[in-house]
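Colleague: quick one: sequence and predicted model below, then my questions.
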Amino acid sequence: MFFKPLKKKLVAWWGPSLAYWTIKILGWTMRFEEVHPEIPRSFWGKEMPAICAFWHGRLLMMPLIYGGKKASILVSPHRDGQIVGKTLQRFGFHTIAGSTYRKGFSGFKQMIKACQNGSDIGIVPDGPRGPRQKAQIGVVELAKKIGRPVIPLSFGASKGIFFNTWDRFLLPYPFSKGVFIWGEPVYVDPRGDRDHLEEKRGLLEKRLNELTDQADHYFDPPHPIPLPRGERGGRYDSQPR
């Protein structure tokens, strides 16, 4: 009974530092490519706030790709979300506690205010508890309210490991190669009805899943060698063996 609360305290104390330095070390040792960087830069260059959406399982490396002036990220108000929030704050991001799970998600008003103050918005549309790679309606409701598009983004690595978690969290290996892929923005009509919002939610989900599939196969050789059945575990390695 004593060790369980102690473990939680240690995770709360050391978790943000561990996550921060993991991202920094990966940033120093990996080589990155960026596909379609002109998409977000068309907004950043004009100082036009936009909403950026990416899956929970690809969250780790996202602090390295942002090139705008300021961004507010929606994080879970629970313990794990607070660790993520403190990590993001070390990279200079503003965090807002909330969730896209509920209709008119919590943190909605703060996100609107942040955007009105010129901040870009970062949202994980399948967080904080899934289902994995299924977009919740909250992100398009926000886009409708503030009149800004949602830009999908995904990340992949040449070598890494997928954890056995609900989101299949991707941790790339040091000295591997990484790729960030931006997708076409999803625009939501401010006068759109529920059917319109559902259509745009589905479109965002589709584009994010397509980008994620592209990112996962970006470093595949032209003619990949099929792995023996016994070697297809949780390890992710796109290079032939």
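Modeller: Arrived safely, thanks for sending. Since the model is a prediction, treat every value here as computed from it, not as a measurement. Residues are numbered from 1 along each chain as shown.
Colleague: how about stretch 65-80: buried residues?
Modeller: By neighbour count with 16 or more other CB atoms under 10 Å, stretch 65-80 contains the buried residues 65, 66, 68, 71, 72, 73, 74, 75, 76. C-betas here are computed from N, CA, C, even on glycine.
Colleague: ok, now which ones touch the fifth one?
Modeller: If a contact means CB atoms under 8 Å, 6 or more residues apart in numbering, then residue 72 has 93, 94, 95, 96, 110, 111, 114, 115, 119, 120, 121, 122 as its contacts.
Colleague: return the member of these nearest to residue 81.
Modeller: Within these, proximity to residue 81 (CB to CB) peaks at residue 95, which comes in at 8.8 Å.
Colleague: isn't that closest one right next to residue 77, touching?
Modeller: No. Counting by CB atoms under 8 Å, residue 95 sits too far from residue 77 to count as a contact (10.3 Å).
Colleague: can you tell me the helix or strand for residue 83?
Modeller: Assessed by DSSP states H and E, residue 83 sits inside helix 79-90.
Colleague: quick one: buried residues of that helix?
Modeller: By neighbour count on 16+ other CB under 10 Å, the buried set for helix 79-90 is 81, 82, 83, 84, 85, 86, 87, 88.
Colleague: other residues contacting it?
Modeller: Taking CB under 8 Å, 6+ apart as the rule, helix 79-90 contacts 8, 11-12, 15-16, 19-20, 23, 59, 63, 73, 75-76, 95, 97, 128.
Colleague: so what strands line up beside the next helix or strand after that helix?
Modeller: Per DSSP H and E, helix 79-90 leads on to strand 94-97 as the next helix or strand towards the C-terminus. Sheet pairing for strand 94-97, assigned by DSSP bridges, gives strand 71-75 (parallel).
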